[in-house]
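Visitor: return a 3D structure for these sequence lines:
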Amino acid sequence: SKRWIWVRAVRAARNANDGVVSLNPPAVPIQRKEQPHPTELLPLLHSTATHDISFFELNSLLTHFSVTSTTKEERRMIQRTASIQLLCLSAVVLQCNGFAPSSSHLATHNAISVSSHRMGYRSAVLTSKRSSPLHMAVEGDFDPDAINRQVEEAQAGSIKARLRALYKFTRPHTIRGTILASFAGTTRALIDTPGAIANAQWGAMLPRAIVGMVALLLGNAFIVGINQIFDEKIDKMNKPFLPVASGEMSKRFAWVTVLLAGAIGPLIVNQFFPPVLFKLYMLGWILGAIYSVPPIRTKRNALAAGLTIATVRGFLLNFGVYYAVKDAIGSPFSWSPKVAFIARFMTIFATVIAVTKDLPDTEGDKKYNIETLATKVGIPKIAKGATVCLLLNYISAIGQGLLATPGTFNKIPMIGGHLALATMLLVRFRKLDADSIPSVKLYYKHIWDNFYLEYLLYTLI
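Guide: Okay, here's the model as predicted:
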(Lines give C-alpha, C1' and ligand atoms only; values in the text may rest on other atoms or scores of the structure.)
Protein backbone atom coordinates (compact mmCIF):
# COMPACT_ATOMS: atom_id res chain seq x y z
CA SER A 1 0.00 0.00 0.00
CA LYS A 2 1.10 3.54 -0.70
CA ARG A 3 1.95 5.59 2.36
CA TRP A 4 2.92 9.12 1.56
CA ILE A 5 5.07 11.29 3.80
CA TRP A 6 5.07 14.99 3.05
CA VAL A 7 7.54 17.52 4.38
CA ARG A 8 7.92 21.23 3.89
CA ALA A 9 11.29 22.81 3.38
CA VAL A 10 13.22 24.10 6.37
CA ARG A 11 12.52 27.79 6.94
CA ALA A 12 15.34 30.30 7.06
CA ALA A 13 16.53 31.25 10.53
CA ARG A 14 15.83 34.94 10.18
CA ASN A 15 12.76 35.38 12.37
CA ALA A 16 11.21 34.22 15.60
CA ASN A 17 9.96 31.03 14.01
CA ASP A 18 13.23 30.02 12.42
CA GLY A 19 14.07 26.34 12.23
CA VAL A 20 10.45 25.16 12.04
CA VAL A 21 9.42 22.47 9.62
CA SER A 22 5.67 22.29 8.99
CA LEU A 23 4.34 18.88 8.06
CA ASN A 24 1.30 20.20 6.23
CA PRO A 25 1.31 19.58 2.46
CA PRO A 26 0.73 22.73 0.40
CA ALA A 27 -2.26 22.98 -1.87
CA VAL A 28 -0.20 23.76 -4.99
CA PRO A 29 3.03 21.90 -5.86
CA ILE A 30 6.11 24.01 -6.42
CA GLN A 31 7.89 24.31 -9.72
CA ARG A 32 11.55 23.32 -9.67
CA LYS A 33 14.34 23.26 -12.20
CA GLU A 34 15.24 20.01 -13.86
CA GLN A 35 18.87 19.91 -12.70
CA PRO A 36 19.84 22.89 -10.52
CA HIS A 37 23.43 23.44 -9.54
CA PRO A 38 24.38 21.85 -6.18
CA THR A 39 24.73 25.27 -4.56
CA GLU A 40 21.03 25.88 -5.31
CA LEU A 41 19.95 22.99 -3.10
CA LEU A 42 20.08 24.86 0.19
CA PRO A 43 18.15 27.89 -1.08
CA LEU A 44 15.64 25.39 -2.43
CA LEU A 45 15.22 23.59 0.88
CA HIS A 46 15.76 26.47 3.26
CA SER A 47 14.10 29.40 1.55
CA THR A 48 11.38 31.33 3.28
CA ALA A 49 8.88 29.95 0.80
CA THR A 50 7.13 26.68 1.56
CA HIS A 51 7.95 23.70 -0.65
CA ASP A 52 6.39 20.34 -1.27
CA ILE A 53 8.96 17.53 -1.30
CA SER A 54 8.22 13.83 -0.99
CA PHE A 55 10.63 11.42 0.66
CA PHE A 56 11.51 9.73 -2.63
CA GLU A 57 11.99 13.00 -4.51
CA LEU A 58 14.17 14.37 -1.72
CA ASN A 59 16.24 11.21 -1.73
CA SER A 60 16.75 11.48 -5.50
CA LEU A 61 17.81 15.12 -5.20
CA LEU A 62 20.33 14.40 -2.47
CA THR A 63 21.75 11.41 -4.33
CA HIS A 64 22.15 13.46 -7.50
CA PHE A 65 23.87 16.34 -5.73
CA SER A 66 26.15 14.06 -3.72
CA VAL A 67 27.42 12.57 -6.95
CA THR A 68 27.71 15.77 -8.96
CA SER A 69 29.16 18.02 -6.26
CA THR A 70 32.72 18.85 -7.17
CA THR A 71 34.11 20.49 -4.06
CA LYS A 72 34.51 19.23 -0.52
CA GLU A 73 32.55 22.21 0.82
CA GLU A 74 29.58 21.43 -1.43
CA ARG A 75 29.59 17.76 -0.43
CA ARG A 76 29.72 18.78 3.25
CA MET A 77 26.70 21.07 2.68
CA ILE A 78 24.77 18.23 1.04
CA GLN A 79 25.62 15.79 3.83
CA ARG A 80 24.48 18.27 6.48
CA THR A 81 21.24 18.92 4.59
CA ALA A 82 20.63 15.18 4.24
CA SER A 83 21.15 14.66 7.97
CA ILE A 84 18.67 17.39 8.84
CA GLN A 85 16.03 16.17 6.40
CA LEU A 86 16.33 12.52 7.44
CA LEU A 87 16.03 13.58 11.08
CA CYS A 88 12.82 15.43 10.23
CA LEU A 89 11.49 12.50 8.23
CA SER A 90 12.25 10.07 11.06
CA ALA A 91 10.20 12.18 13.42
CA VAL A 92 7.36 12.32 10.91
CA VAL A 93 7.37 8.54 10.53
CA LEU A 94 7.21 8.04 14.29
CA GLN A 95 4.35 10.51 14.70
CA CYS A 96 2.28 9.45 11.70
CA ASN A 97 2.69 5.69 12.16
CA GLY A 98 3.15 5.38 8.42
CA PHE A 99 0.33 7.70 7.44
CA ALA A 100 0.13 11.34 6.43
CA PRO A 101 -2.62 13.92 6.07
CA SER A 102 -4.32 13.90 2.72
CA SER A 103 -4.73 17.57 1.97
CA SER A 104 -3.99 21.07 3.07
CA HIS A 105 -7.29 21.10 4.93
CA LEU A 106 -5.85 18.66 7.44
CA ALA A 107 -3.28 20.69 9.33
CA THR A 108 -1.71 18.72 12.15
CA HIS A 109 0.05 21.53 14.01
CA ASN A 110 3.19 19.44 14.37
CA ALA A 111 6.54 21.17 14.29
CA ILE A 112 10.13 20.06 14.37
CA SER A 113 12.89 22.50 15.16
CA VAL A 114 16.31 21.73 13.77
CA SER A 115 19.57 23.60 13.91
CA SER A 116 22.92 24.02 12.25
CA HIS A 117 25.48 26.63 13.27
CA ARG A 118 26.98 26.66 9.78
CA MET A 119 23.61 27.60 8.32
CA GLY A 120 22.70 30.21 10.91
CA TYR A 121 20.33 28.10 12.96
CA ARG A 122 19.91 28.46 16.69
CA SER A 123 20.61 25.78 19.26
CA ALA A 124 19.54 22.28 18.35
CA VAL A 125 16.12 21.62 19.84
CA LEU A 126 13.73 18.91 18.69
CA THR A 127 10.11 19.49 19.62
CA SER A 128 6.77 18.04 18.65
CA LYS A 129 3.53 19.86 19.37
CA ARG A 130 0.56 17.60 18.82
CA SER A 131 -2.83 19.19 19.27
CA SER A 132 -4.87 16.42 17.73
CA PRO A 133 -4.53 12.84 16.44
CA LEU A 134 -5.56 14.10 13.01
CA HIS A 135 -2.72 12.57 11.06
CA MET A 136 -3.45 9.11 12.44
CA ALA A 137 -7.14 9.10 11.64
CA VAL A 138 -7.17 8.36 7.94
CA GLU A 139 -9.50 5.73 6.52
CA GLY A 140 -7.26 3.44 4.53
CA ASP A 141 -4.76 4.31 1.82
CA PHE A 142 -5.23 7.09 -0.70
CA ASP A 143 -3.05 9.40 -2.73
CA PRO A 144 -2.94 12.98 -1.38
CA ASP A 145 -1.47 14.10 -4.69
CA ALA A 146 -4.55 12.87 -6.53
CA ILE A 147 -6.92 14.46 -4.01
CA ASN A 148 -5.22 17.85 -4.24
CA ARG A 149 -5.25 17.62 -8.02
CA GLN A 150 -8.96 16.77 -8.09
CA VAL A 151 -9.75 19.65 -5.73
CA GLU A 152 -7.84 22.08 -7.93
CA GLU A 153 -9.59 20.83 -11.08
CA ALA A 154 -13.03 21.12 -9.47
CA GLN A 155 -12.31 24.60 -8.12
CA ALA A 156 -11.04 25.63 -11.56
CA GLY A 157 -14.47 24.84 -13.02
CA SER A 158 -13.77 21.56 -14.81
CA ILE A 159 -17.11 19.88 -15.68
CA LYS A 160 -15.51 16.43 -15.56
CA ALA A 161 -14.02 17.13 -12.12
CA ARG A 162 -17.36 18.38 -10.79
CA LEU A 163 -19.19 15.33 -12.10
CA ARG A 164 -16.57 13.12 -10.44
CA ALA A 165 -17.10 15.00 -7.17
CA LEU A 166 -20.87 14.54 -7.50
CA TYR A 167 -20.38 10.81 -8.05
CA LYS A 168 -18.20 10.56 -4.94
CA PHE A 169 -20.77 12.63 -3.05
CA THR A 170 -23.39 9.91 -3.62
CA ARG A 171 -21.14 7.28 -1.91
CA PRO A 172 -20.96 4.66 -4.72
CA HIS A 173 -20.78 1.65 -2.39
CA THR A 174 -24.24 2.52 -1.03
CA ILE A 175 -25.56 3.03 -4.58
CA ARG A 176 -24.42 -0.47 -5.52
CA GLY A 177 -26.36 -1.88 -2.57
CA THR A 178 -29.50 0.01 -3.59
CA ILE A 179 -29.27 -1.08 -7.23
CA LEU A 180 -28.63 -4.72 -6.32
CA ALA A 181 -31.56 -4.72 -3.90
CA SER A 182 -33.79 -3.30 -6.63
CA PHE A 183 -32.77 -5.88 -9.25
CA ALA A 184 -32.95 -8.77 -6.78
CA GLY A 185 -36.35 -7.71 -5.42
CA THR A 186 -37.74 -7.28 -8.93
CA THR A 187 -36.43 -10.68 -10.04
CA ARG A 188 -37.78 -12.34 -6.91
CA ALA A 189 -41.25 -10.83 -7.34
CA LEU A 190 -41.44 -11.89 -10.98
CA ILE A 191 -40.28 -15.44 -10.21
CA ASP A 192 -42.77 -15.74 -7.34
CA THR A 193 -45.70 -14.73 -9.55
CA PRO A 194 -46.78 -17.46 -11.99
CA GLY A 195 -46.96 -16.19 -15.56
CA ALA A 196 -45.59 -12.74 -14.65
CA ILE A 197 -42.54 -12.96 -16.89
CA ALA A 198 -44.37 -14.44 -19.88
CA ASN A 199 -47.32 -12.05 -19.70
CA ALA A 200 -45.51 -8.93 -18.50
CA GLN A 201 -46.20 -5.70 -20.37
CA TRP A 202 -42.57 -4.65 -20.57
CA GLY A 203 -43.32 -1.47 -22.50
CA ALA A 204 -45.20 -0.09 -19.48
CA MET A 205 -43.20 -1.81 -16.73
CA LEU A 206 -39.67 -0.88 -17.74
CA PRO A 207 -40.20 2.90 -17.72
CA ARG A 208 -41.91 2.62 -14.35
CA ALA A 209 -39.05 0.48 -13.04
CA ILE A 210 -36.53 3.07 -14.21
CA VAL A 211 -38.52 5.86 -12.54
CA GLY A 212 -38.63 3.86 -9.33
CA MET A 213 -34.87 3.27 -9.47
CA VAL A 214 -34.27 7.00 -9.94
CA ALA A 215 -36.44 7.74 -6.89
CA LEU A 216 -34.46 5.24 -4.80
CA LEU A 217 -31.12 6.70 -5.92
CA LEU A 218 -32.32 10.22 -5.16
CA GLY A 219 -33.33 9.10 -1.68
CA ASN A 220 -29.93 7.49 -1.26
CA ALA A 221 -28.18 10.68 -2.41
CA PHE A 222 -30.28 12.78 -0.02
CA ILE A 223 -29.40 10.66 3.01
CA VAL A 224 -25.66 10.27 2.37
CA GLY A 225 -25.36 13.86 1.13
CA ILE A 226 -26.91 15.51 4.16
CA ASN A 227 -24.69 13.36 6.32
CA GLN A 228 -21.56 14.72 4.61
CA ILE A 229 -22.74 18.31 5.08
CA PHE A 230 -23.30 17.98 8.81
CA ASP A 231 -20.26 15.73 9.30
CA GLU A 232 -17.83 17.97 7.42
CA LYS A 233 -15.48 18.52 10.38
CA ILE A 234 -15.53 14.86 11.36
CA ASP A 235 -14.94 13.76 7.77
CA LYS A 236 -11.89 16.01 7.48
CA MET A 237 -10.37 13.68 10.03
CA ASN A 238 -12.01 10.34 9.22
CA LYS A 239 -12.76 10.55 5.49
CA PRO A 240 -10.75 13.43 4.00
CA PHE A 241 -11.27 12.04 0.50
CA LEU A 242 -14.99 12.90 0.54
CA PRO A 243 -15.75 15.89 -1.70
CA VAL A 244 -17.22 18.25 0.93
CA ALA A 245 -14.46 17.54 3.45
CA SER A 246 -11.68 17.95 0.87
CA GLY A 247 -13.14 21.07 -0.74
CA GLU A 248 -13.70 19.30 -4.05
CA MET A 249 -17.38 20.23 -3.74
CA SER A 250 -18.51 23.50 -2.18
CA LYS A 251 -20.98 23.34 0.67
CA ARG A 252 -23.39 25.50 -1.33
CA PHE A 253 -23.43 23.04 -4.23
CA ALA A 254 -23.78 20.16 -1.75
CA TRP A 255 -26.85 21.82 -0.24
CA VAL A 256 -28.37 22.38 -3.71
CA THR A 257 -27.81 18.71 -4.58
CA VAL A 258 -29.28 17.47 -1.31
CA LEU A 259 -32.35 19.71 -1.47
CA LEU A 260 -33.09 18.76 -5.07
CA ALA A 261 -32.68 15.03 -4.35
CA GLY A 262 -34.76 15.34 -1.19
CA ALA A 263 -37.59 17.10 -3.02
CA ILE A 264 -37.69 15.28 -6.38
CA GLY A 265 -37.55 11.75 -4.91
CA PRO A 266 -40.77 12.04 -2.86
CA LEU A 267 -42.55 13.80 -5.77
CA ILE A 268 -41.72 10.87 -8.08
CA VAL A 269 -42.96 8.26 -5.62
CA ASN A 270 -46.14 10.22 -4.87
CA GLN A 271 -46.88 10.59 -8.59
CA PHE A 272 -46.18 7.05 -9.87
CA PHE A 273 -46.63 4.66 -6.94
CA PRO A 274 -49.38 3.73 -4.46
CA PRO A 275 -49.83 5.68 -1.17
CA VAL A 276 -48.40 2.89 0.99
CA LEU A 277 -45.09 3.10 -0.88
CA PHE A 278 -45.04 6.87 -0.56
CA LYS A 279 -45.48 6.51 3.22
CA LEU A 280 -42.70 3.94 3.41
CA TYR A 281 -40.44 6.16 1.30
CA MET A 282 -41.06 9.17 3.53
CA LEU A 283 -40.42 7.06 6.63
CA GLY A 284 -36.99 6.18 5.21
CA TRP A 285 -36.48 9.84 4.18
CA ILE A 286 -37.20 11.11 7.70
CA LEU A 287 -35.10 8.43 9.42
CA GLY A 288 -32.20 9.18 7.07
CA ALA A 289 -32.45 12.92 7.75
CA ILE A 290 -32.64 12.79 11.55
CA TYR A 291 -29.67 10.40 11.52
CA SER A 292 -27.46 13.41 10.67
CA VAL A 293 -29.42 16.61 11.33
CA PRO A 294 -29.38 18.27 14.79
CA PRO A 295 -30.91 18.41 17.28
CA ILE A 296 -32.01 14.75 17.10
CA ARG A 297 -28.98 13.42 15.19
CA THR A 298 -29.49 9.75 16.00
CA LYS A 299 -25.94 8.88 14.89
CA ARG A 300 -24.72 10.21 18.26
CA ASN A 301 -26.30 7.18 19.91
CA ALA A 302 -25.03 3.77 18.88
CA LEU A 303 -28.37 1.97 19.38
CA ALA A 304 -30.46 4.61 17.59
CA ALA A 305 -27.98 4.76 14.71
CA GLY A 306 -28.00 0.98 14.29
CA LEU A 307 -31.79 0.78 14.31
CA THR A 308 -32.06 3.62 11.78
CA ILE A 309 -29.73 2.01 9.23
CA ALA A 310 -31.17 -1.46 9.78
CA THR A 311 -34.72 -0.21 9.23
CA VAL A 312 -33.97 1.78 6.07
CA ARG A 313 -31.50 -0.53 4.32
CA GLY A 314 -32.68 -3.83 5.79
CA PHE A 315 -36.48 -3.77 5.88
CA LEU A 316 -37.88 -0.76 3.99
CA LEU A 317 -35.73 -1.17 0.88
CA ASN A 318 -36.34 -4.90 0.38
CA PHE A 319 -40.02 -4.88 1.29
CA GLY A 320 -40.69 -1.70 -0.71
CA VAL A 321 -39.16 -2.97 -3.95
CA TYR A 322 -41.00 -6.30 -3.75
CA TYR A 323 -44.30 -4.57 -3.02
CA ALA A 324 -43.80 -2.09 -5.88
CA VAL A 325 -43.18 -4.86 -8.43
CA LYS A 326 -46.20 -6.83 -7.24
CA ASP A 327 -48.32 -3.70 -7.63
CA ALA A 328 -46.92 -3.03 -11.11
CA ILE A 329 -47.82 -6.49 -12.42
CA GLY A 330 -51.25 -6.37 -10.79
CA SER A 331 -50.61 -9.17 -8.32
CA PRO A 332 -51.75 -8.89 -4.68
CA PHE A 333 -48.96 -8.72 -2.14
CA SER A 334 -48.43 -11.68 0.14
CA TRP A 335 -45.55 -12.63 2.37
CA SER A 336 -43.61 -15.47 0.80
CA PRO A 337 -41.00 -17.41 2.82
CA LYS A 338 -38.27 -15.96 0.61
CA VAL A 339 -39.35 -12.35 1.14
CA ALA A 340 -39.72 -12.90 4.87
CA PHE A 341 -36.26 -14.49 4.92
CA ILE A 342 -34.49 -11.68 3.05
CA ALA A 343 -36.22 -8.97 5.12
CA ARG A 344 -35.07 -10.62 8.36
CA PHE A 345 -31.62 -11.58 7.11
CA MET A 346 -30.78 -8.18 5.60
CA THR A 347 -32.12 -6.26 8.60
CA ILE A 348 -29.63 -8.12 10.80
CA PHE A 349 -26.91 -7.64 8.17
CA ALA A 350 -27.62 -3.91 7.92
CA THR A 351 -27.43 -3.66 11.72
CA VAL A 352 -23.93 -5.14 11.58
CA ILE A 353 -22.98 -2.67 8.83
CA ALA A 354 -24.32 0.16 10.99
CA VAL A 355 -21.89 -0.86 13.73
CA THR A 356 -18.83 -1.76 11.64
CA LYS A 357 -19.00 1.41 9.51
CA ASP A 358 -17.64 3.28 12.55
CA LEU A 359 -14.55 1.11 12.91
CA PRO A 360 -12.26 3.28 10.72
CA ASP A 361 -13.72 6.49 12.22
CA THR A 362 -12.89 6.15 15.91
CA GLU A 363 -10.44 9.06 16.11
CA GLY A 364 -12.82 11.60 14.58
CA ASP A 365 -15.81 10.29 16.51
CA LYS A 366 -13.94 10.62 19.80
CA LYS A 367 -12.84 14.16 18.98
CA TYR A 368 -16.38 15.32 18.21
CA ASN A 369 -18.10 13.33 20.98
CA ILE A 370 -19.89 10.92 18.64
CA GLU A 371 -20.75 7.90 20.74
CA THR A 372 -20.38 4.65 18.82
CA LEU A 373 -19.81 1.10 19.94
CA ALA A 374 -16.37 1.27 18.32
CA THR A 375 -15.35 4.25 20.50
CA LYS A 376 -16.79 2.69 23.66
CA VAL A 377 -15.72 -0.93 23.26
CA GLY A 378 -12.79 -0.78 20.85
CA ILE A 379 -12.12 -2.02 17.33
CA PRO A 380 -10.99 -5.62 18.15
CA LYS A 381 -14.08 -6.49 20.20
CA ILE A 382 -16.50 -4.87 17.75
CA ALA A 383 -14.94 -6.65 14.77
CA LYS A 384 -15.10 -9.97 16.60
CA GLY A 385 -18.69 -9.36 17.71
CA ALA A 386 -19.76 -8.33 14.21
CA THR A 387 -18.21 -11.46 12.73
CA VAL A 388 -19.98 -13.66 15.28
CA CYS A 389 -23.33 -11.98 14.55
CA LEU A 390 -22.95 -12.50 10.82
CA LEU A 391 -21.86 -16.12 11.30
CA LEU A 392 -24.96 -16.74 13.42
CA ASN A 393 -27.03 -15.10 10.68
CA TYR A 394 -25.52 -17.46 8.11
CA ILE A 395 -26.05 -20.45 10.40
CA SER A 396 -29.71 -19.50 10.81
CA ALA A 397 -30.07 -19.30 7.02
CA ILE A 398 -28.48 -22.74 6.64
CA GLY A 399 -30.74 -24.11 9.37
CA GLN A 400 -33.80 -22.57 7.73
CA GLY A 401 -32.83 -24.24 4.46
CA LEU A 402 -32.41 -27.61 6.15
CA LEU A 403 -35.63 -27.48 8.20
CA ALA A 404 -37.98 -25.87 5.69
CA THR A 405 -40.63 -28.00 4.04
CA PRO A 406 -39.59 -29.41 0.65
CA GLY A 407 -40.03 -26.93 -2.19
CA THR A 408 -39.80 -23.81 0.00
CA PHE A 409 -36.16 -23.06 -0.90
CA ASN A 410 -33.67 -24.31 -3.45
CA LYS A 411 -31.36 -26.30 -1.20
CA ILE A 412 -28.05 -25.77 -3.01
CA PRO A 413 -27.98 -21.94 -2.97
CA MET A 414 -29.78 -21.68 0.37
CA ILE A 415 -27.44 -24.07 2.20
CA GLY A 416 -24.30 -24.24 0.07
CA GLY A 417 -24.33 -20.55 -0.85
CA HIS A 418 -24.60 -19.35 2.74
CA LEU A 419 -21.99 -21.87 3.86
CA ALA A 420 -19.59 -20.45 1.26
CA LEU A 421 -20.26 -16.85 2.32
CA ALA A 422 -19.79 -17.76 5.99
CA THR A 423 -16.45 -19.36 5.14
CA MET A 424 -15.37 -16.26 3.20
CA LEU A 425 -16.28 -14.06 6.17
CA LEU A 426 -14.31 -16.20 8.63
CA VAL A 427 -11.22 -16.34 6.40
CA ARG A 428 -11.22 -12.56 5.96
CA PHE A 429 -11.73 -11.94 9.67
CA ARG A 430 -8.67 -14.05 10.46
CA LYS A 431 -6.62 -11.70 8.25
CA LEU A 432 -7.80 -8.61 10.15
CA ASP A 433 -5.17 -6.53 11.94
CA ALA A 434 -7.18 -4.37 14.35
CA ASP A 435 -4.24 -1.98 14.82
CA SER A 436 -4.02 -1.18 11.10
CA ILE A 437 -6.60 1.24 9.70
CA PRO A 438 -6.15 -0.04 6.10
CA SER A 439 -6.76 -3.58 7.36
CA VAL A 440 -9.86 -2.44 9.25
CA LYS A 441 -11.15 -0.67 6.16
CA LEU A 442 -10.54 -3.79 4.06
CA TYR A 443 -12.45 -5.86 6.61
CA TYR A 444 -15.36 -3.41 6.36
CA LYS A 445 -15.22 -3.60 2.55
CA HIS A 446 -15.39 -7.39 2.71
CA ILE A 447 -18.57 -7.14 4.79
CA TRP A 448 -20.10 -5.07 1.98
CA ASP A 449 -18.93 -7.68 -0.54
CA ASN A 450 -20.87 -10.35 1.38
CA PHE A 451 -23.83 -7.97 1.53
CA TYR A 452 -23.81 -7.65 -2.27
CA LEU A 453 -23.45 -11.41 -2.81
CA GLU A 454 -26.46 -12.10 -0.60
CA TYR A 455 -28.67 -10.42 -3.19
CA LEU A 456 -27.38 -12.88 -5.79
CA LEU A 457 -28.42 -15.75 -3.54
CA TYR A 458 -31.80 -14.08 -3.02
CA THR A 459 -32.61 -14.55 -6.70
CA LEU A 460 -31.58 -18.22 -6.56
CA ILE A 461 -33.01 -19.54 -3.28
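Visitor: how about residue 436, phi and psi?
Guide: phi -110, psi 120 (degrees, to the nearest 10).
Visitor: heads up, I number from 43, so please use that
Guide: Will do, 43 is the new start, and the previous item becomes residue 478.
Visitor: could I get the full set of strands for this structure?
Guide: 48-49, 62-64, 95-96, 153-155 (DSSP state E).
Visitor: quick one: mean pLDDT for the second one?
Guide: Translated: strand 62-64. Mean pLDDT, computed over strand 62-64, is 40.
Visitor: identify the residues contacting the residue lying closest to residue 361 once chain neighbours are set aside.
Guide: In this structure, residue 361 finds its nearest non-sequential neighbour in residue 385, 5.7 Å apart by C-beta to C-beta, 6 or more residues apart in numbering. For the C-beta atoms, the positions are set from N, CA and C on the backbone; glycine is no exception. By C-beta atoms under 8 Å, 6 or more residues apart in numbering, residue 385 lies in contact with 356-357, 360-361.
Visitor: apply 6 Å and report the result again.
Guide: Applying C-beta atoms under 6 Å, 6 or more residues apart in numbering, we find residue 385 in contact with 357, 360-361.
Visitor: what stretches of the stretch 143-292 of the chain score poorly on pLDDT?
Guide: 143-184 (pLDDT under 70).
Visitor: all helices of it, in order?
Guide: Listed in chain order, the helices of the stretch 143-292 of the chain (DSSP state H, counting those that start in this stretch) span residues 186-197, 201-211, 214-234, 238-241, 244-272, 274-280, 285-288.
Visitor: quick check: which of those helices is nearest to residue 367?
Guide: Closest to residue 367 of those, according to C-beta to C-beta: helix 214-234, at 3.7 Å.
Visitor: who are the packing partners of the closest one?
Guide: Helices and strands touching helix 214-234, by 3 or more C-beta pairs under 6 Å, 6 or more residues apart in numbering; DSSP states H and E, are helix 244-272, helix 359-370, helix 479-502.
Visitor: let's see it at 7 Å
Guide: helix 244-272, helix 359-370, helix 379-398, helix 479-502 (3 or more C-beta pairs under 7 Å, 6 or more residues apart in numbering; DSSP states H and E).
Visitor: do you know which of the helices of the stretch 143-292 of the chain lies nearest residue 300?
Guide: helix 244-272 (4.2 Å).
Visitor: measure how the closest one sits relative to helix 359-370, angle-wise.
Guide: 150 degrees (axes from the mean of the first three to the mean of the last three C-alpha atoms, to 10 degrees).
Visitor: check which residues of helix 244-272 are buried.
Guide: For helix 244-272, burial by neighbour count (16 or more other C-beta atoms under 10 Å) applies to 247, 251, 254-255, 257-272.
Visitor: other SSEs contacting it?
Guide: Checking 3+ C-beta pairs under 7 Å, 6+ apart, helix 244-272 ends up next to helix 214-234, helix 293-314, helix 317-334, helix 359-370.
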